[in-house]
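Asker: Sequence and predicted model, in that order:
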Amino acid sequence: MEFLTAYLTANNIIFFILAAIILVFGFLSVTTTKILRAATYLFFVLFAIAGLYLLLTYEFIAAVQLSVYAGGIVVLLVFAILLVKNLGEETEKVSCQKKLVSAIAAISGVVISLVTLFGFGFQNNESADELTANVNMETIGHTLMGVEKYQYLLPFEAASVFLLACIIGSVVVATNLKKEDKK
Amino acid sequence: MLELDKFIEWIHSSLLYLIGLDWVVSLIEYVLIGVAFLSLYAVLALILIYVERKICAFFQCRLGPTRVGPWGLFQSIADMVKILLKEIIRIDKTDQLIFKVAPFIVIIGSFCTFGALQFGRGLHGVDFNVGLFYMLAISSLGVVGILLAGWASNNKYTLIGAMRSGAQLVSYELSAGISLLTMVIISGSLNLTDIIEGQANAWYIFQAPLPALIAFVIYLIAGHAETNRGPFDLPEAESELTAGYHTEYSGIQFGFFYLAEYLNMFIIAAIAATVFLGGWQPFHINADWAASFNGIMDCIPTWAWFFGKVFALIFLSLWVRWTFPRLRIDQLLKLEWKILMPISLVNLLLMAVWVLIF
Amino acid sequence: MIETLKDYYSGFAIMNQELTLVLVLIFVLLADLFLGEKGKKNLQFAAIGSFALATISGFTVSFGGSQEAFAGMYVTSDMHVLVKNILNIGTLLVFFFAHYWNKNENRNQSGEFYFLTLSTLLGMYLMVSSGNFILFYIGLETASIPMAALVAFNKKNRDSAEAAAKYILTAAFSSGVMLFGISLIYGSCGSLYFDEVANAFQGLPVQILAMVFFMAGMGFKISLVPFHLWTADTYQGAPTSVTAYLSVMSKGAAAFTFLCILFKAFHNYPEIWQNILWWIIVVTITVGNLFAIRQKNLKRFLAFSSISQAGYIMLGVISGSPLGMTSTVYYIFIYLFTNLAAFGIISNIENQTGKVGMDDYNGLYGTNPKSAFIMTLAMFSLGGIPPFAGFFSKFFIFAAAAEQGQYLLVFIALLNTIISLYYYLLVVKAMFINKSENPIPTIKSDNMSIIGLGICTIGILILGFISPIYEYMTSISFGM
């Protein structure tokens, strides 16, 4: 009983609810045969992950998660699915043998990761708690744009070149050459 | 004035006394707050629908609703009862799950934004460190619901409407976001409390007249486009697409889309009022001789200031809606990507220089 | 204000090569924008010319010792500069070979081709020079995601799209695995700077798991064996110039980065990664060779050959010594000329006749003696036959591994070299001995690819004998 009350803090309860949502919908999104449903389930997963960040009081990351993943990437995904022909079709059923092998691979991967992670024991790190207690926007801004140690101006700038290259790359992939030839 | 502090204190202490368990009390309080916001949401929607009908009648030289109650005041309540009682029609050959989930996603997107709005001094749900960004982020979720609704209805009109809406929302979010970012440069914070406090002496639109005004106009245009109304109502262009992405919905499912649309109009106006027009801050003139004037302005309650500004902006948006003809989809996207986006990017730079110099 | 800005951005001062490349990038982008339809021809010269200037200017950079910028985020030394110069040379050669393709088949999108290739090159620069896992990761992604667009460049060919899809899916999966590994490293070491990771690395299970995940991600980039499944399909489907770029530059940059990170971040527990690498090398070389024997398509054939070559490159990494680094860089340097020579011939013939099958090359000597001769040189060099450059690079890399006592490994690698000789000579046999009723007609190469092939041939023939190159590399290399 004492064990229960120690665990039943509001934080933990919310965490377990969110974790359950993430796991259930994550599983559903992988196993469903309808592609648009998979995108919908993914949306819930990403939404719940934003909830996890809020629980940790990482408000900024939560908002980024919402706008980039839930509001951005899922929208692009759904858009792409809608543009593709034959979207109502269900995907091919996977053969039993494939299912079995991939299930074994996935489960053994999860087990190995979990065993090593629990063996390490991350929980006893108080300095980390202090660090993350209340990160305000100013700190985040300075960290992103600073040149000191533990500041990330260079990766930030590199990411901008990276994104530009990605935009141009996707335009290249998407352009319809046939039209240009006709002209 | 709305002095809620003591009332809230009283609820908290009596709940603590009655129940004792901390987290149960918190839970009950959260639920209470949620209920309060829900009712505010619903009531605002009713008011907005009535206001819209009256104003649109005014622009078209009609009278609008007149029969239910004095001046037709209870018309929207009657409509609400009707929509609640209507049958929800089940459509064949659709993905039922997505069809049913879509309206909820739309309404969650707009309802969650409400939590961070500041309606008056100390009158708000949560005060996020990144409030402005949070509102932008969560209000962008609605588009997922619209896309899913359009597809799940299994109807070509809804699909076209959804695709248009998706393209429109995603594009216009950019210049809306950038123009808000322009204002963040001058406020130096994303926290809504800080943003509003920073306008105590002069609203931001007066603090940096040129860039702020450009940003304000761009935000109004982009925000207007994001609500799918006015000249930008292509997703539901009734002459071509029946009713766009929600053609197949009926009853309260349709009501959800309807509600979200109206409330999004309110939210866009509220964000504009908060960031550009000082939120609930009274109109002040930052000079010694105007002290008495400022004092008079302070007498008007803060929530009245807020709702006044918001409704003024809503009036503006309705005005635009009934004035301009509908754009074509290519004109719409051209307007965003070739005109508004470049201007707002340059404006961002202009604001940075402005803040650096002044 | 100017002074503080100067302090703030002084870190960029030592990033000469990166900045030059960014300038070239912007120049290409603007040139593509303003030259328009009629200026496509000039655009090619603008791009190749400006990049050639950047390549030349890269040789003037010298630091003497190792240098840091942005508080350890960016690391450079003469060795890093040299590796970047080698990458530059390779990219320039690829541009030479791609010129004909860009002029005809790809004329609508040649600007994009240059821009994307150069931006992946920038990603490789950053990856090579990173001192922090974040910068490394962004560099890696910059080097791989635009690459997928490059692979998909051939719109008329469905294989190209399939190749790109396979590439991007595997890339996403492996970078996800790697990111998980990096996050575990951050969680268990408390930092992402390589030197601090090295100090905090205690060989705990979770850290070893993290390292394995990291190695898996790198294994994808270098196409080491358990992670090589994308290689053959992607190489076959991609436009040949892109395949050449992918097989040499992408692989070389990733191999050097892998070596740097193993040396810098994980040098306290070398036996752990050396054991893993031992098995990977054995499997990589063997599987690459055995599959190469069966291939009938030359691009697929070179894909498997490049897998086994990657295994040889790893021989230098496993030793962990300065000698290992020298021989790795030297191997990449030689491999560049050799492989690009082979791809140059293939792309020439494919551009003009569309043939890539091994049987199509029957009797090539009769119609195109020069091409057959260069191809033979490349095959001999890849197989490691003296006196071509490939022999010297293999010799040094075996020496580096043997120095650390990896005799069994060197023995297995030697056995595999003999197998590889068999299939490299199959190509030579096809060209010189097999008779064909319908041989490839005599083709006229364009000037650019003749220059490129000339450079490659000279490289294969004489680089092995110029000992100052190897000595210079020895003087600037460093170990764990």
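Answerer: Good, I have the coordinates.

Asker: Any regions of chain C where pLDDT drops low?
Answerer: The model of chain C has pLDDT under 70 over residues C:1-2.

Asker: In it, which residue sits nearest chain A?
Answerer: As assessed by Cβ to the nearest Cβ, chain A sits closest to C:Ala149 within chain C, at 3.0 Å. For every residue, glycine as well, the C-beta is placed using N, CA and C.

Asker: Let me know the helix or strand that that residue is in.
Answerer: Applying DSSP states H and E as the criterion places C:Ala149 in helix C:133-151.

Asker: next structured bit after that helix?
Answerer: Counting by DSSP H and E, what follows helix C:133-151 is helix C:158-189.

Asker: coming back round to it: show me what the helix holding C:Ala149 is packed against.
Answerer: Identification of packing neighbours for helix C:133-151 by 3 or more Cβ pairs under 8 Å, 6 or more residues apart in numbering or on different chains; DSSP states H and E yields helix A:153-174, helix C:110-128, helix C:158-189, helix C:205-222, helix C:240-245, helix C:251-265.

Asker: ok, and which of those helices has the densest surroundings?
Answerer: Compared across the helices and strands packed on helix C:133-151, helix C:240-245 shows the largest average neighbour count, a mean of 28 (mean count of other Cβ atoms under 10 Å in any protein chain shown).

Asker: neighbouring contacts of that one?
Answerer: Outside helix C:240-245, the residues within contact range by Cβ atoms under 8 Å, 6 or more residues apart in numbering or on different chains are C:90-91, C:94, C:97-98, C:101, C:117, C:120, C:147, C:150-151, C:153, C:234-236, C:299, C:302-303, C:339-340, C:343-344, C:346-347, C:350-351, C:356.

Asker: Got a ChimeraX select line for the buried ones in those residues?
Answerer: Buried members of these, defined by 16 or more other Cβ atoms under 10 Å in any protein chain shown, are picked up in ChimeraX with:
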select /C:90,91,94,97,98,101,117,120,147,150,151,153,234,235,236,299,302,303,339,340,343,344,346,347,350,351,356
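
Asker: nearest residue to A:Thr175 other than its sequence neighbours?
Answerer: The shortest distance from A:Thr175 to any non-neighbouring residue, by Cβ to Cβ, 6 or more residues apart in numbering or on different chains, is to C:Gln109 (7.5 Å).

Asker: Kindly report the same for B:Pro65.
Answerer: That would be B:Gly72: by Cβ to Cβ, 6+ apart, it lies 3.2 Å from B:Pro65.

Asker: who's in contact with that neighbour?
Answerer: Here B:Gly72 is in contact with B:Tyr50, B:Arg53, B:Lys54, B:Gly64, B:Pro65, B:Thr66 (Cβ under 8 Å, 6+ apart).

Asker: Drop anything exposed from those.
Answerer: B:Tyr50, B:Arg53, B:Lys54, B:Gly64, B:Pro65.

Asker: hmm, back to that, ok, the contacts of B:Gly72 vs chain C, which is closest?
Answerer: B:Arg53 (50.3 Å).

Asker: How far away from the center of its chain is the one helix or strand that closest one maps to?
Answerer: According to DSSP H and E, B:Arg53 maps onto helix B:22-59. Helix B:22-59 has its C-alpha centroid displaced from the chain centroid by 12 Å (Cα atoms, centre = their mean, to the nearest Å).
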